[in-house]
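Engineer: Curious how this folds, go ahead:
(2 chains)
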Amino acid sequence: EAQVTQNPRYLITVTGKKLTVTCSQNMNHEYMSWYRQDPGLGLRQIYYSMNVEVTDKGDVPEGYKVSRKEKRNFPLILESPSPNQTSLYFCASSLRGRSTGELFFGEGSRLTVL
Amino acid sequence: RKEVEQDPGPFNVPEGATVAFNCTYSNSASQSFFWYRQDCRKEPKLLMSVYSSGNEDGRFTAQLNRASQYISLLIRDSKLSDSATYLCVVNPSNTGKLIFGQGTTLQVKP
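Structural biologist: Model prediction:
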């Protein structure tokens, strides 16, 4: 089954404790991206990757890191989480080119930073 | 001005009604456009891509108006199950930087 898998789905952590949200896709997609969704602000892009070893900033990259060492994985790293990073996070993947916007999303990771 | 704007609604319509949403975009060079559906607390799912010539999928029709810089989504014969938030997405330059609208909420009532 074609899917994007995120882990953990739910996480409560404390300020400053490094965490990683993993994302994996089994569709051999070149493009992967991370979004956060907050009430009243919609979905905002954090980082994206057009292919292995290629990553670029989205609209809200501050406080986040990513890596793309393998095609299927695109982890999101919060080196020192802060309460303003409490949010619902989605990972997504797609083919490149004109189809870049035809995204498959993971089920989301709800993060709370105390 | 936001790069992609949608009326947040909610749009409350009776079953069987026809409803239309618009989504305006500011970058006239934008290349590709999409509509997504998102149910409460769930991941967005692709509803349809929007082609220059417009496209139709069952009860759903999407149109692109480049002159006025907006895309539209028309839902005919609304069902209760159509209740959701509809997100428009714009790819300004066929790069990876996608821009989402805030979404329009539709409530279909019996």
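Engineer: what residues does chain A put near chain B?
Structural biologist: A:31, A:33, A:35, A:40-45, A:48-50, A:56, A:58-59, A:88, A:90, A:97-98, A:100-108 (CB under 8 Å from any CB of the partner chain). (C-beta placed from N, C-alpha, C; glycine too.)
Engineer: Give me the residues contacting the strand ranked longest in chain A.
Structural biologist: Determined from DSSP state E, the single longest strand within chain A is strand A:42-51. Contacts to strand A:42-51, defined as CB atoms under 8 Å, 6 or more residues apart in numbering or on different chains, come from residues A:30-38, A:55-61, A:64, A:66, A:68, A:71, A:74, A:76, A:89-90, A:96, B:44, B:87, B:95-103.
Engineer: all strands of the chain, in order?
Structural biologist: In the absence of a named chain, chain A is used. Going by DSSP E, chain A shows strands at A:4-7, A:10-13, A:19-25, A:31-38, A:42-51, A:54-57, A:65-66, A:76-78, A:87-94, A:104-105, A:109-113.
Engineer: meant chain B, my bad for not saying
Structural biologist: Assigned by DSSP E, chain B shows strands spanning B:4-6, B:11-14, B:19-25, B:32-38, B:45-50, B:55-57, B:60-65, B:70-75, B:84-91, B:99-100, B:104-109.
Engineer: Nearest to A:Glu1, out of these?
Structural biologist: Evaluated with CB to CB, the strands of chain B place strand B:45-50 nearest to A:Glu1, the distance being 14.7 Å.
Engineer: The closest one vs chain A: in contact?
Structural biologist: Yes. Counting by CB under 8 Å from any CB, chain A has neighbours in strand B:45-50: B:Lys45, B:Leu46, B:Ser49.
Engineer: Quick check: PyMOL command selecting the buried ones in those residues.
Structural biologist: If you want just the buried ones from those in PyMOL, going by 16 or more other CB atoms under 10 Å in any protein chain shown, the selection is:
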select buried, chain B and resi 46+49
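Engineer: And for A:Tyr47, nearest residue in space, chain neighbours not counted?
Structural biologist: In this structure, A:Tyr47 finds its nearest non-sequential neighbour in A:Val66, 4.4 Å apart by CB to CB, 6 or more residues apart in numbering or on different chains.
Engineer: how many other residues sit next to the one you found?
Structural biologist: 21 (other CB atoms under 10 Å in any protein chain shown).
Engineer: The one 4 residues further on now?
Structural biologist: A:Glu70 is surrounded by 10 other residues when neighbours are defined as other CB under 10 Å.
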